[in-house]
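Enquirer: only geometry, no sequence info:
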């Protein structure tokens, strides 16, 4: 199965100089593009996709009290691959994403100013790159234990940062999330418990390449109980 889409932003928007807004995509006049392919066979499903996003953060700049028209653009490419195996008792699924400026998808990221023209204030940008991967394993039917492990890593921008950064959690270096769950399923009733420890490492953006250094960790623990009656 092949999927292609041209997407316009409305409720979920990219970050930029005026906060999160659809204005950057509107100024770009180019929609967000996505293309993906999926393959299914018996117990297996696998696929991959590529996304292209091109934004214009600003259309004008001010230098020494004068306003100049500028032609700025930040273009990013993201990619993902996923797979799933299911049998009578087992279900194993996983996904890995190479993400660039996916703040409109509620992900950490954004972009940084990497060059400024002193004559008219026009800026060049480079997106933050992130690696995100997870795997989820469950076993059984009536009694169903499961384990989820997810990991995120900030890969920086790959260029020298010379100005402002725009985005979400741009000072976040890495995140490790582990969830253990156990559910009891009978007919239309499901009772479950999930325990989730999570660690996040925050730090300072190194202007040499946009990577995060001098990090410190923050830990969080969540317990979730659920009772579901399905009718």
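Expert: Structure's in. What do you need? This structure is a prediction, so every number in the text was calculated from the model and none was measured. Numbers count the residues shown, from 1 in each chain.
Enquirer: Quick check, central residue of the chain?
Expert: residue 107 (3.4 Å; Cα atoms, centre = their mean).
Enquirer: thinking that one is in contact with residue 128, fair?
Expert: No - counting by Cβ atoms under 8 Å, residue 107 stays clear of residue 128, with 10.1 Å between them. C-beta here means a position set from N, CA and C on the backbone, and glycine is covered the same way.
Enquirer: wait, what's in contact with the closest residue to the residue nearest to the centre of the chain other than its chain neighbours?
Expert: Closest residue to residue 107 apart from its sequence neighbours, by Cβ to Cβ, 6 or more residues apart in numbering: residue 99 at 5.8 Å. Contact partners of residue 99, counting by Cβ atoms under 8 Å, 6 or more residues apart in numbering, are 78, 105, 107, 109, 129-132.
Enquirer: For residue 144, grab the count of nearby residues.
Expert: The number of residues packed near residue 144 is 17, by other Cβ atoms under 10 Å.
Enquirer: so what's it closest to, chain neighbours aside?
Expert: residue 183 is the one closest to residue 144 (Cβ to Cβ, 6+ apart), at 4.8 Å.
Enquirer: Read off the pLDDT value for the one you found.
Expert: Model confidence at residue 183, given as pLDDT, is 95.
Enquirer: Next up, the contacts around it.
Expert: Here residue 183 is in contact with 143-144, 146, 190-193, 226 (Cβ under 8 Å, 6+ apart).
Enquirer: I'd like to know how far the nearest residue to residue 191 once chain neighbours are set aside sits from residue 141.
Expert: Residue nearest to residue 191 in three dimensions, not counting chain neighbours: residue 184, with 4.8 Å by Cβ to Cβ, 6+ apart. Note on residue 184: its distance to residue 141, by Cβ to Cβ, to the nearest Å, is 10 Å.
Enquirer: Tell me which of those two has more neighbours.
Expert: Higher neighbour count among residue 184 and residue 141: residue 184, with 13 against 10, using other Cβ under 10 Å.
Enquirer: neighbouring strands for the strand or helix carrying the more buried one, and are they parallel or not?
Expert: Per DSSP states H and E, residue 184 falls inside strand 172-186. Each strand that pairs with strand 172-186, with its direction, by DSSP bridges: strand 143-156 (antiparallel), strand 189-205 (antiparallel).
Enquirer: so can I have TSV of these showing mean pLDDT and distance to residue 162?
Expert: Below are the strands paired with strand 172-186 laid out as TSV (pLDDT from 0 to 100; distance: least, Cβ to Cβ, whole Å):
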stretch	mean pLDDT	distance to residue 162
strand 143-156	96	14
strand 189-205	96	12
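Enquirer: Reformat those strands as JSON lines; add distance to residue 26.
Expert: Shown next, in JSON lines, are the strands paired with strand 172-186 (distance: least, Cβ to Cβ, whole Å):
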{"stretch": "strand 143-156", "distance to residue 26": "28"}
{"stretch": "strand 189-205", "distance to residue 26": "28"}
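Enquirer: Check the offset of stretch 98-112 from the chain's centre.
Expert: For stretch 98-112, the separation from the chain centroid amounts to 5 Å (computed by Cα atoms, centre = their mean, to the nearest Å).
Enquirer: ok, now stretch 79-94?
Expert: The answer for stretch 79-94 is 20 Å, by Cα atoms, centre = their mean.
Enquirer: end to end, how far does stretch 94-106 reach?
Expert: 19 Å (Cα to Cα, to the nearest Å).
Enquirer: That one - what's its average pLDDT?
Expert: 96.
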